[in-house]
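**Student:** Provide a 3D model corresponding to the input given below.
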Amino acid sequence: MTQKRISFFGIVVLFWFLGNMTSCKERSTIVWLDELEIEEFSEDIRPVKPGTNYRREPISIGGQTFERGIGVITISAIPLMLNGQASRFTATVGPDDEANPDLLVRFYVVGDGQVLFDSGGMKAGDVPKPVDVNLKGIQQLGLLVTDSIGGVTNKKTYSNWADAKLVMHEGFIPRPRPNQDDRYILTPVAGDKPAIHSPKVFGATPGNPFLYPVAATGSRPMHFSADHLPEGLLIDSVTGIIDGKISRKGNYEIILRAKNNLGKDERKLTIRIGDTIALTPPMGWNGWNSWASAIDQEKVMSSARAMVHSGLKNYGWLYINIDDTWQGKRGGPFHAIQPNEKFPDLAAMADSIHAMGLKAGLYSTPYISSYGGYPGASSNNEQGSETRDTILKNPQAYKLIGKYRFETNDAAQMAAWGIDYLKYDWRIDVNSAERMSDALRKSGRDIFFSLSNLAPFDKAGDWARAANAWRTGADIRDSWLSLYTLAFGIDAWAPYGGPGHWNDPDMMVLGNVTTGAKMHPTRLTPDEQYSHVSIYSLLAAPLLIGCPLEQLDPFTLNLLTNSEVLEINQDPLGKPGRLAVEEDGFQIWVRPMTDGSFAVGLFNMEGYGSTPQSYFRWGNEQPRRLSFSFEKAGLSGSWKLRDVWRQKDLGEFTGEYQMQIPYHGVQLLKMIPLQ
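**Tutor:** Alright, predicted model coming up:
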């Protein structure tokens with residue numbers, strides 16, 4: 001009897017053990033990359049296309065067609081957090097058959113800092129290559145595609161991860177790379193005493209409306225005044241807005257004054273009335289990276305009000321710019337593009353913006369249709385009768401410049417509405433730039449003229465002659481790859497930037513943005529954001545905030561309100577900084593200033609782009625020590641150094657200065673020569 005009981009118990013234990021072994025066996029699921037919200041992962045220069053090639057056509061590699069996968073254009077870097085929950089990655093890779101046949105592309109799979117797959121160089125038409133990678137224990141996966149020339153020119157390096165899929169433990173999916181680094185604040189809070197931050201030089205055209213708000217921090221109420229204002233200008237003592245008209249050319253030296261019950265401040269202002277406006281880069285806001293096509297009049301006014309209430313206006317932030325999708329049909333007294341239902345009264349909106357001491361901007365294109373599918377400044381019929389509905393029936397037919405041109409009509413209408421800034425967007429040609437430039441100059445209003453995008457470098461002199469700013473690259477995205485390429489890669493453009501004409505690496509990707517995905521906090525780390533603002537200031541680039549201003553958090557607001565950083569950007573000399581030293585993973589940029597000092601940016605690049613691993617952030621990066629040799633940067637001698645972000649003097653140094661710089665971070669210095 002006892003023996004039988006033992007046998008029965010043993011059988012029960014055996015069945016329990018076998019059942020437990022079965023339940024413990026890992027169950028897996030297939031995760032296709034084209035089913036993910038892949039733009040939430042992508043750090044590419046251009047958007048990833050799920051299910052198609054980059055041109056939104058079927059994926060084709062070496063004559064083979066694939067129904068699944070993702071299409072990219074180089075350089076492409078896609079990090080995926082797996083957290084050890086994946087076992088395998090498979091795909092078929094190669095340049096798309098529609099890609100440039102003369103350029104090599106190269107595919108890498110990188111896991112936890114190790115290259116797991118390398119396709120070698122491939123050209124369009126090559127036989128596709130299979131990828132089959134063991135991912136056991138891998139925490140982070142990186143999918144990278146590079147090309148043989150780099151940069152962001154129109155090189156058509158369309159590349160495909162066909163049939164790309166992950167085998168993952170059941171219940172798990174990849175996650176985007178988190179951005180949880182400490183958002184540390186460096187800039188001291190502004191004091192309650194008055195401090196004027198307006199540009200020290202301002203240009204306007206004789207006889208055109210003049211608007212210059214005195215920007216000043218300090219507790220309110222504040223009283224504003226100005227000595228030696230020329231005839232035709234008045235200053236509002238409460239708001240500090242100077243407006244009116246000046247009829248005669250010339251240079252006018254003004255003393256601006258601001259005072260409250262705690263103190264006073266003054267600043268010299270040179271007003272230059274002549275043929276050149278935009279003597280310093282514009283500072284303001286653009287709605288595209290905030291709202292994209294969801295922009296409307298109330299969202300614009302919300303950011304305008306936030307520009308004032310947040311205190312940004314007190315540091316010189318000025319422009320409130322509408323991007324694409326405002327356009328309705330052509331009509332009105334000038335037979336110009338009229339606003340659609342999202343913007344019921346552009347003139348009243350511009351008046352409200354001006355009343356706040358701000359300026360209003362608009363968007364257009366010489367194409368028949370804008371990139372968003374709205375009417376542009378040309379047409380193939382004499383009346384220019386295109387509408388959004390007619391364009392959407394055959395959108396590709398309208399991505400060209402039509403036979404009939406309406407630049408004069410549209411410029412006159414913008415001037416009548418009170419528009420102060422025009423972003424003109426297309427694949428730039430000199431003739432169209434000149435036509436709109438001429439129309440704006442004759443409109444009777446000073447309208448800042450910005451060309452977008454990818455201005456050909458070989459025509460840099462033409463852009464400087466025709467426009468106030470031009471986009472030197474593609475649309476920016478909130479990734480280090482995009483920022484590195486678009487801002488740190490434009491040193492060759494420096495000789496063409498200066499007062500009246502500025503190199504533009506695109507909007508700033510700080511705060512909450514919608515670049516390529518639903519609205520999200522920027523994927524730039526705090527260190528990268530400090531580098532972002534620093535390099536733009538050194539480049540003398542336009543500063544256009546790309547986030548909804550009513551959503552600004554304290555860290556982002558602090559980034560945008562360092563008066564000494566903004567002084568570098570707005571320096572009247574207007575000479576862009578240059579890349580002076582690049583070695584050992586560091587870049588040193590130097591910008592001469594009007595007062596004889598130099599602004600110097602010391603950037604820790606950590607060899608970015610030198611290896612496949614360097615395109616990704618792995619979480620184990622550390623600050624690096626730099627011995628900054630003054631002589632190597634062309635700054636021999638003895639200097640007084642000031643930490644610009646901390647607004648703190650560092651002391652006097654001869655020969656070199658040593659410091660630690662975070663990964664992708666910066667130390668921004670002002671160097672004052674010692675006599």
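
**Student:** Show me where this protein dips below the pLDDT cut-off.
**Tutor:** Applying pLDDT under 70 to the chain picks out residues 1-26, 151-154.

**Student:** mind redoing it with 50?
**Tutor:** 1-9, 11-24 (pLDDT under 50).

**Student:** Going along the chain, name the helices of it.
**Tutor:** For the chain, the helices defined by DSSP state H cover 2-24, 288-291, 297-309, 346-355, 388-393, 407-417, 430-441, 460-466, 480-487, 526-538, 554-559, 563-569.

**Student:** Residues touching the fifth one, excluding its own?
**Tutor:** Right, the one you point to is helix 388-393. Q327, G328, N340, I368, S369, G373, Y374, P375, Y398 (C-beta atoms under 8 Å, 6 or more residues apart in numbering). To be clear about C-beta, it is placed using only N, CA and C from the backbone, and glycine gets the same treatment.

**Student:** For it, list the C-alpha coordinates in PDB.
**Tutor:** In PDB, the C-alpha atoms belonging to helix 388-393 read as follows (Å, rounded to 0.1, in the frame of the first residue of the first chain):
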ATOM      1  CA  ARG A 388      -6.500  73.000 -51.900                       C
ATOM      2  CA  ASP A 389      -9.200  70.700 -53.300                       C
ATOM      3  CA  THR A 390      -8.000  71.000 -56.900                       C
ATOM      4  CA  ILE A 391      -4.400  70.500 -55.800                       C
ATOM      5  CA  LEU A 392      -5.200  67.300 -53.800                       C
ATOM      6  CA  LYS A 393      -6.700  65.600 -56.800                       C
END
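
**Student:** What residues sit buried inside it?
**Tutor:** R388, I391 (16 or more other C-beta atoms under 10 Å).

**Student:** before we move on, what about stretch 215-231?
**Tutor:** Applying 16+ other C-beta under 10 Å to stretch 215-231 flags A215, A216, T217, G218, M222, F224, S225, A226, L229, P230 as buried.

**Student:** just the residues you listed now: which is nearest P282?
**Tutor:** Of all these, A215 has the smallest distance to P282: 13.5 Å, by C-beta to C-beta.

**Student:** pretty sure the closest one contacts A195?
**Tutor:** No: the criterion here is C-beta atoms under 8 Å, and A215 misses it with A195 at 9.6 Å.

**Student:** separation between G655 and V93?
**Tutor:** 51 Å (C-beta to C-beta, to the nearest Å).

**Student:** Mind checking which of the two has more residues around it?
**Tutor:** V93 (26 against 13; other C-beta atoms under 10 Å).

**Student:** Show me what the residue lying closest to the more buried one once chain neighbours are set aside is bridged to.
**Tutor:** Of all residues not flanking V93 in the chain, F107 sits nearest, at 4.4 Å (C-beta to C-beta, 6 or more residues apart in numbering). According to DSSP bridges, the residues that bridge with F107 are V145.

**Student:** and F107, what is it in contact with?
**Tutor:** So, once contact is read as C-beta under 8 Å, 6+ apart, F107 ends up touching 93-94, 117-119, 122, 129, 131, 143-145, 159, 161.

**Student:** can you put those residues in JSON lines and add distance to P206?
**Tutor:** Putting those into JSON lines (distance: C-beta to C-beta, whole Å) gives the following:
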{"residue": "V93", "distance to P206": "61"}
{"residue": "G94", "distance to P206": "61"}
{"residue": "F117", "distance to P206": "65"}
{"residue": "D118", "distance to P206": "63"}
{"residue": "S119", "distance to P206": "62"}
{"residue": "M122", "distance to P206": "60"}
{"residue": "K129", "distance to P206": "65"}
{"residue": "V131", "distance to P206": "65"}
{"residue": "L143", "distance to P206": "57"}
{"residue": "L144", "distance to P206": "55"}
{"residue": "V145", "distance to P206": "54"}
{"residue": "S159", "distance to P206": "54"}
{"residue": "W161", "distance to P206": "58"}
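
**Student:** Is it possible to mark the buried ones in those?
**Tutor:** By 16+ other C-beta under 10 Å, these give V93, G94, F117, S119, M122, K129, V131, L143, L144, V145, S159, W161 as buried.

**Student:** Test my guess that the first one contacts D163.
**Tutor:** Put plainly, it is V93. No: the pair V93 and D163 does not pass the contact test of C-beta under 8 Å, sitting 9.6 Å apart.

**Student:** anything in contact with each of these two?
**Tutor:** Joint contacts of V93 and D163 (C-beta under 8 Å, 6+ apart) do not exist.

**Student:** So what's the residue count around T52?
**Tutor:** Considering only other C-beta under 10 Å, T52 is surrounded by 17 other residues.

**Student:** between the buried residues of stretch 215-231, which is closest to L539?
**Tutor:** Nearest to L539 among the buried residues of stretch 215-231, with distances taken as C-beta to C-beta, is A215, at 21.5 Å.

**Student:** What residues are bridge-paired with S369?
**Tutor:** Going by DSSP bridges, S369 forms beta bridges with P375.

**Student:** need the buried ones among the contacts of F107 in JSON lines with distance to E567, can you?
**Tutor:** Output for those, formatted as JSON lines (distance: C-beta to C-beta, whole Å):
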{"residue": "V93", "distance to E567": "49"}
{"residue": "G94", "distance to E567": "51"}
{"residue": "F117", "distance to E567": "49"}
{"residue": "S119", "distance to E567": "48"}
{"residue": "M122", "distance to E567": "49"}
{"residue": "K129", "distance to E567": "53"}
{"residue": "V131", "distance to E567": "51"}
{"residue": "L143", "distance to E567": "42"}
{"residue": "L144", "distance to E567": "39"}
{"residue": "V145", "distance to E567": "41"}
{"residue": "S159", "distance to E567": "43"}
{"residue": "W161", "distance to E567": "46"}
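
**Student:** out of the residues you listed, which are inside strands?
**Tutor:** If you go by DSSP state E, the buried ones among the contacts of F107 have V93, G94, F117, S119, M122, K129, V131, L143, L144, V145, S159, W161 in strands.

**Student:** Closest one of the residues you listed to N562?
**Tutor:** L144 (34.7 Å).

**Student:** out of everything not next to it in sequence, what's closest to S42?
**Tutor:** V48 (4.6 Å).

**Student:** shouldn't the one you found be in contact with V72?
**Tutor:** Yes: assessed by C-beta under 8 Å, V48 is found in contact with V72 at 5.4 Å.

**Student:** got any residues that touch both of these two?
**Tutor:** S42, I78.

**Student:** between those two, who's got more neighbours?
**Tutor:** Taking other C-beta under 10 Å, V48 and V72 do not tie; V72 has more neighbours (30 against 23).

**Student:** show me what contacts that one?
**Tutor:** With C-beta under 8 Å, 6+ apart, V72 has these contacts: S42, D44, R46, V48, K49, Y54, I78, V145, Y158, S159, N160, W161.

**Student:** related to what we said a few turns ago, quick check: the gap between the residue nearest to S42 and T74.
**Tutor:** 12 Å.

**Student:** For P101, grab the count of nearby residues.
**Tutor:** 12.

**Student:** ok, F210 touching I235?
**Tutor:** No: F210 lies out of contact with I235 (C-beta under 8 Å); the separation is 11.2 Å.

**Student:** Common neighbours of those two, please.
**Tutor:** I242.

**Student:** Contact partners for L549?
**Tutor:** Per C-beta under 8 Å, 6+ apart, neighbours of L549: W285, S302, S303, A306, M307, S310, L312.

**Student:** which residue packs closest to it, ignoring adjacent ones?
**Tutor:** Closest to L549 by C-beta to C-beta, 6+ apart is A306, at 3.6 Å.

**Student:** and what of D410?
**Tutor:** A336 (4.7 Å).

**Student:** I'd like to know how far the one you found sits from V509.
**Tutor:** 32 Å.

**Student:** likewise I661?
**Tutor:** 21 Å.
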